[in-house]
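**Q** Sequence unavailable; structure follows:
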Ligand SMILES: Nc1ncnc2c1ncn2[C@@H]1O[C@H](COP(=O)(O)OP(=O)(O)OP(=O)(O)O)[C@@H](O)[C@H]1O
Ligand SMILES: O=c1ccn([C@@H]2O[C@H](COP(=O)(O)O)[C@@H](O)[C@H]2O)c(=O)[nH]1
Ligand SMILES: [Mg+2]
């Protein structure tokens with residue numbers, strides 16, 4: 001049974017009072033509908049937080065810190081697709097092409113990989129990093145998984161900061177170049193931001209300032225997770 005020591009409506013109000021997180025500032029001013037976490041308790045479903053933000057906004061970096069500190073399993077949608085790409089699967093060439101072009105993989109492919117990762121994990125608390133990237137992704141996830149996320153963490157970061165970070169990343173990614181990052185930003189603004197907006201309207205969005213040092217950002221993120229008391 002999932003438990004936490006504080007209800008989310010109370011958490012939201014505490015966070016607002018403390019002004020530690022800038023929630024939904026540019027999307028909606030209020031949390032309209034508190035997260036219905038009790039339904040998750042009853043079904044004993046996994047606890048899922050989506051982590052969204054533009055390319056280089058720091059999603060992966062902060063997810064590693066959250067996972068280590070709060071015992072979440074980190075599932076990077078892009079990481080799953082990269083693994084699939086290098087596995088020699090029939091989808092490999094298709095994934096490589098769309099990643100190089102900054103596009104979005106077919107929803108069924110990504111959701112199937114996420115479902116497998118959730119089902120094979122021992123943890124029941126998940127951070128799903130970099131997904132959903134489109135409204136279609138979101139709807140296919142909800143249909144196949146049969147649930148919405150408990151909340152969505154969103155890193156808000158200026159474009160020039162994100163581009164600088166991506167171009168300094170040295171991990172040999174096929175998309176870490178000037179051309180692809182520009183394409184990714186276009187896709188992010190046109191196709192991913194509507195998903196962020198959707199969750200803001202539902203009162204499920206935690207918007208965090210993604211500028212500053214990694215440690216400063218983690219300071220802003222921590223209150224969200226320290227307030228959750230989920231059994232493992
Ligand atoms: N606060 C920060 N200040 C400076 N560099 C950072 C900061 N956070 C992350 N980085 C670096 O910026 C790069 C991008 O960060 P990260 O991979 O976490 O972003 P991301 O949102 O996961 O991007 P993508 O969507 O491309 O996977 C990495 O090289 C990371 O080490
Ligand atoms: O749900 C997803 C996640 C990722 N992609 C593709 O992968 C790259 C890199 O993703 P990161 O999350 O930044 O590692 C992304 O630009 C997409 O091309 C995807 O299609 N769907
Ligand atoms: Mg990442």
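**A** All right, it came through fine. Note that the structure is predicted; figures quoted are calculated from it, not measured. Numbering: from 1, shown residues only. Ligands and ions are numbered 1, 2, ... in the order given.

**Q** When you work out contacts or count neighbours from here on, use the C-alpha atoms and nothing else.
**A** OK.

**Q** quick one: secondary structure of the residue nearest to the spatial centre of the chain?
**A** For the chain, the residue nearest the mean C-alpha position is residue 51 (1.4 Å; C-alpha atoms, centre = their mean). Judged by DSSP: H, G, I helix; E, B strand; the rest coil, the three-state class of residue 51 is strand.

**Q** Contacts only, for it.
**A** Applying C-alpha atoms under 8 Å, 6 or more residues apart in numbering to residue 51 gives the contacts 59, 63, 127, 128, 129, 130, 131, 152, 153, 154, 155.

**Q** try 7 Å
**A** By C-alpha atoms under 7 Å, 6 or more residues apart in numbering, the contact list for residue 51 reads 59, 127, 128, 129, 130, 152, 153, 154.

**Q** Residue 75 is in contact with the second one, correct?
**A** Yes. Taking C-alpha atoms under 7 Å as the definition, residue 127 is a contact partner of residue 75 at 5.9 Å.

**Q** one step back: for the residue nearest to the centre of the chain, give the beta-bridge partners.
**A** residue 129, residue 153 (DSSP bridges).

**Q** can you list the residues of this protein near ligand 1?
**A** 54-61, 165-166, 169, 212-214 (C-alpha under 6 Å from any ligand atom).

**Q** Buried among the residues you listed? Make that a PyMOL selection.
**A** Listed next is the PyMOL selection for buried residues among those, using 16 or more other C-alpha atoms under 10 Å:
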select buried, resi 54+55+56+57+58+59+60+165+166
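
**Q** This structure: strands as residue ranges?
**A** 47-53, 73-76, 125-129, 151-156, 205-209 (DSSP state E).

**Q** mind putting those strands in TSV, mean pLDDT and distance to residue 85 included?
**A** Listed next are the strands of the chain as TSV, based on pLDDT from 0 to 100; distance: least, C-alpha to C-alpha, whole Å:
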stretch	mean pLDDT	distance to residue 85
strand 47-53	98	22
strand 73-76	98	14
strand 125-129	98	18
strand 151-156	98	27
strand 205-209	98	31
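
**Q** Please dump these into TSV; it should also carry distance to residue 145 for every row.
**A** Output for the strands of the chain, formatted as TSV (distance: least, C-alpha to C-alpha, whole Å):
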stretch	distance to residue 145
strand 47-53	11
strand 73-76	15
strand 125-129	13
strand 151-156	15
strand 205-209	20
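
**Q** Tabulate those strands (CSV), appending distance to ligand 2.
**A** Formatted as CSV, these follow (distance: least, C-alpha to the nearest ligand atom, whole Å):
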stretch, distance to ligand 2
strand 47-53, 9
strand 73-76, 6
strand 125-129, 6
strand 151-156, 13
strand 205-209, 18
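
**Q** Now do the contacts for residue 47.
**A** When contacts are counted by C-alpha under 7 Å, 6+ apart, residue 47 touches 124, 125, 126, 150.

**Q** Pick out whichever of the residues you listed sits closest to residue 91.
**A** Nearest to residue 91 out of the contacts of residue 47 is residue 126 (C-alpha to C-alpha; 25.1 Å).

**Q** What residues does this protein have near ligand 2?
**A** Residues of the chain lying near ligand 2 (C-alpha under 6 Å from any ligand atom): 55, 77-79, 98-99, 102-105, 110, 130-133, 184.

**Q** Which stretches in the chain count as helices?
**A** Along the chain, counting by DSSP state H, helices occupy 8-18, 37-43, 59-70, 77-86, 92-101, 107-120, 135-145, 159-168, 178-187, 193-201, 214-226.
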